[in-house]
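Student: Okay, sequence plus prediction incoming.
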Amino acid sequence: MDKRLKKRVESLTKENMKIAESAVKGITIPLSAHKTQMSATQAAWRLYNNDRINLQELFGFVQTQSDALIKQVEGEYVLVAHDWSWLDYKTHNSKEDLIVVKSKGDTKSVGYDLQTSLLIDPNNGSPLAPIAMNLKTSKNLYSTYEENLEYNQTHLQELSKRCRYIDKRVQDTSPKKQIVHIVDREADSVLFMRQLQKQDALFLIRVKDNAKVYQKAKGSEIKQKELAKTLGVGQEVCKVRYRKKTARLFVNECDVIVTRDHSKTVIDQEGKRRIVKTPGEPVDARFIVSRVVDERGEVLATWMLMSNLCHDISAQTLSRWYYFRWNIESYFKLLKTTGFNLERWQQETPLALFKRLLVVSYAIVLVYSLAYDDTEEARKVRIFLVKLSGKLMEYGKEYTLPALLSGLWVFLRMMDMLE
């Protein structure tokens, strides 16, 4: 090759390398406040296709990011919302180990059972990170926190173990922080409350209508629904968004004791099922009634809550914390419908699907953190991600969570290719 041509090629190559380096630096998300979530997302993205990395190693690598985020939360408490979501795959013939649940008639559900524990900032309700996740199939229970979880256990039996793991992890890494476990009505079980009480775990649980509690002020037992009626609307907490409308949150409370026996289904020697009732230690708790009221004074929703937190934490604060729990519902919605269409993924093995799910979960959390950030830097990044997504916004709207997710996924693929 001619020497002059060779020098020209070398010169152009160096120039192009500088341009490439500049481009890479230019599209790096310039947010120090979100560096933790971004690094966790990118780390998971690069490792989830590595067959030598098991679930605990993959999630353990990014778990250190969760530990750092917990330390950054202002105040003594950190919230963890727990929930379950059914993944419907009845139209996927190639997937392995699908659970088939038959119901009345010829209808049936086919899919997997996803169980998630989501860290939430108690100050603004922002989701921080999934701290534990399980995926149950017809044969296995895959978990991010223990390799050999017992398969034949109920949701609440597994959850009490998961709560113990989370509390221990947080105490080991952030001794000054306390976890408040928030669970919906499935956790209205006196046995579950007694287990958490025995573990010194703090809980905030939504309870059902017909269970009875002992009301300290009246000295008698009463159904929870009737007790809620006797408590007035109470004090206003704050304004909230409920089903796309602006409403106000009100709260009232009283002290109760849960004394009822817990019920357990057993199978006798003849193979017949029967219910056995077993007494246990009383659970001292606060009974909190939270109501969502519209501008006309109409009650849109009533949440009956039970908590063992001390009275240093006001009922107003507990009511807000339970309201923040609904972010795990929108988290599942982003996974399944408006964001990543989880129920259309084509991975044939549940393990491959679960590994991809871990990466996506961190992407969702990063998007939430950007959405909750009101700085100018965050606004610019949101605009950037929306442009990458190619999605159109309705007039006057800067972004949507699905658009941010789509743009972030494009960004990760671009970075992967450039690097």
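Tutor: Great, that's in hand. Fair warning: this is a prediction, and the values are worked out from it, not measured in the lab.
Student: Which positions within stretch 391-406 qualify as buried?
Tutor: Lys391, Tyr399, Thr400, Leu401, Pro402, Ala403, Leu404, Leu405, Ser406 (16 or more other Cβ atoms under 10 Å). C-betas here are computed from N, CA, C, even on glycine.
Student: now the first one, what's its secondary structure?
Tutor: Just to be clear, that refers to Lys391. Secondary structure, DSSP: H, G, I helix; E, B strand; the rest coil: Lys391 is coil.
Student: so it touches Leu401, yeah?
Tutor: No - using Cβ atoms under 8 Å, Lys391 makes no contact with Leu401, being 11.0 Å away.
Student: Return the residues in contact with Tyr323.
Tutor: Neighbour list for Tyr323: Gly125, Val240, Leu249, Ser290 [criterion: Cβ atoms under 8 Å, 6 or more residues apart in numbering].
Student: Check the third one and give its pLDDT.
Tutor: Residue-level confidence at Leu249 comes out at 94, pLDDT.
Student: does it really touch Lys239, like I thought?
Tutor: Yes - with contacts counted by Cβ under 8 Å, Leu249 reaches Lys239, the gap being 7.5 Å.
Student: Look at these two and report which has more neighbours.
Tutor: Each of Leu249 and Lys239 has its neighbours counted (other Cβ atoms under 10 Å); Leu249 has more, 22 against 10.
Student: can you tell me how far the more buried one sits from Ser138?
Tutor: 42 Å (Cβ to Cβ, to the nearest Å).
Student: Just give me the neighbour total for Asn152.
Tutor: The burial count for Asn152: 6, using other Cβ under 10 Å.
Student: Return the per-residue confidence for it.
Tutor: 87.
Student: what does the one 4 residues further on give?
Tutor: In this prediction, Leu156 carries a pLDDT score of 93.
Student: again, but for Ile70
Tutor: Predicted confidence (pLDDT) for Ile70: 90.
Student: Tell me who's in contact with it.
Tutor: By Cβ under 8 Å, 6+ apart, the neighbours of Ile70 are Val78, Leu119, Leu128, Val170, Thr173, Ser174, Lys177.
Student: how about 10 Å then?
Tutor: Neighbouring residues of Ile70 by Cβ atoms under 10 Å, 6 or more residues apart in numbering: Val78, Leu119, Asp121, Leu128, Ala129, Ile131, Arg169, Val170, Thr173, Ser174, Lys177, Ile179.
Student: Near the spatially closest residue to Lys102 that is not a sequence neighbour, how many residues? Count them for me, please.
Tutor: Residue nearest to Lys102 in three dimensions, not counting chain neighbours: Lys108, with 4.8 Å by Cβ to Cβ, 6 or more residues apart in numbering. By the criterion of other Cβ under 10 Å, Lys108 has 10 neighbours.
Student: which stretches of the protein form helices?
Tutor: Per DSSP state H, the chain carries helices over the ranges 3-26, 35-47, 55-72, 155-173, 190-198, 224-230, 315-324, 327-333, 350-371, 376-389, 401-418.
Student: out of the ones you listed, which comes closest to Phe340?
Tutor: helix 350-371 (5.3 Å; Cβ to Cβ).
Student: could I get that closest one in CSV with only the CA atoms?
Tutor: Extracted C-alpha coordinates of helix 350-371, given in CSV (Å, rounded to 0.1, in the frame of the first residue of the first chain):
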residue,chain,number,x,y,z
PRO,A,350,-38.7,-20.8,32.6
LEU,A,351,-35.1,-20.3,33.8
ALA,A,352,-34.2,-18.3,30.6
LEU,A,353,-37.4,-16.3,31.0
PHE,A,354,-36.7,-15.6,34.7
LYS,A,355,-33.1,-14.4,33.9
ARG,A,356,-34.4,-11.9,31.3
LEU,A,357,-37.1,-10.8,33.8
LEU,A,358,-34.4,-9.8,36.3
VAL,A,359,-32.8,-7.4,33.7
VAL,A,360,-36.2,-6.0,32.8
SER,A,361,-37.0,-5.4,36.4
TYR,A,362,-34.0,-3.2,36.9
ALA,A,363,-34.8,-1.3,33.7
ILE,A,364,-38.3,-0.5,35.1
VAL,A,365,-36.8,0.7,38.4
LEU,A,366,-34.4,3.0,36.6
VAL,A,367,-37.3,4.4,34.6
TYR,A,368,-39.3,5.0,37.8
SER,A,369,-36.3,6.8,39.4
LEU,A,370,-36.1,9.1,36.3
ALA,A,371,-39.9,9.7,36.4
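Student: pretty sure Leu366 is touching Gly407, no?
Tutor: No - when contacts are counted by Cβ atoms under 10 Å, Leu366 is not listed as touching Gly407 (11.3 Å).
Student: which intervals of the stretch 51-200 of the chain have sub-threshold pLDDT?
Tutor: 51-53, 58, 61-62, 104-106 (pLDDT under 70).
Student: picking up where we left off before, relative to Val276, which of the buried residues of stretch 391-406 is nearest.
Tutor: Once Cβ to Cβ is applied, the member of the buried residues of stretch 391-406 that ends up nearest Val276 is Leu401, at 46.6 Å.
Student: What residues does the spatially most central residue of the chain make contact with?
Tutor: In the chain, the centroid-proximal residue (Cα atoms, centre = their mean) is Leu118; its distance is 3.0 Å. Residues near Leu118 by Cβ under 10 Å, 6+ apart: 79-83, 127-133, 182, 325, 327-328, 331-332, 361, 364-365, 368.
Student: From Ile328, how far out is it?
Tutor: For Leu118, the distance to Ile328 - Cβ to Cβ - is 5 Å.
Student: One more: Pro175?
Tutor: 26 Å.
Student: Check Cys310 too.
Tutor: 25 Å.
Student: Which of those two has more residues huddled nearby?
Tutor: Neighbour count, other Cβ under 10 Å: between Cys310 and Ile328, Ile328 has more, with 22 against 8.
Student: quick one: the more buried one and Leu114 touch, right?
Tutor: No - counting by Cβ under 10 Å, Ile328 sits too far from Leu114 to count as a contact (11.4 Å).
Student: could I have stretch 154-168 exported to PDB, CA atoms only?
Tutor: Output of stretch 154-168 as PDB, limited to C-alpha atoms (Å, rounded to 0.1, in the frame of the first residue of the first chain):
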ATOM      1  CA  THR A 154     -48.200 -21.800  50.500                       C
ATOM      2  CA  HIS A 155     -47.600 -18.200  49.400                       C
ATOM      3  CA  LEU A 156     -47.600 -17.000  53.000                       C
ATOM      4  CA  GLN A 157     -45.300 -19.800  54.200                       C
ATOM      5  CA  GLU A 158     -42.700 -18.800  51.600                       C
ATOM      6  CA  LEU A 159     -43.300 -15.100  52.300                       C
ATOM      7  CA  SER A 160     -42.600 -15.300  56.000                       C
ATOM      8  CA  LYS A 161     -39.200 -16.900  55.000                       C
ATOM      9  CA  ARG A 162     -38.600 -14.200  52.400                       C
ATOM     10  CA  CYS A 163     -39.300 -11.500  55.000                       C
ATOM     11  CA  ARG A 164     -36.800 -13.100  57.400                       C
ATOM     12  CA  TYR A 165     -34.200 -13.100  54.600                       C
ATOM     13  CA  ILE A 166     -34.800  -9.400  53.700                       C
ATOM     14  CA  ASP A 167     -34.700  -8.200  57.400                       C
ATOM     15  CA  LYS A 168     -31.400 -10.100  58.000                       C
END
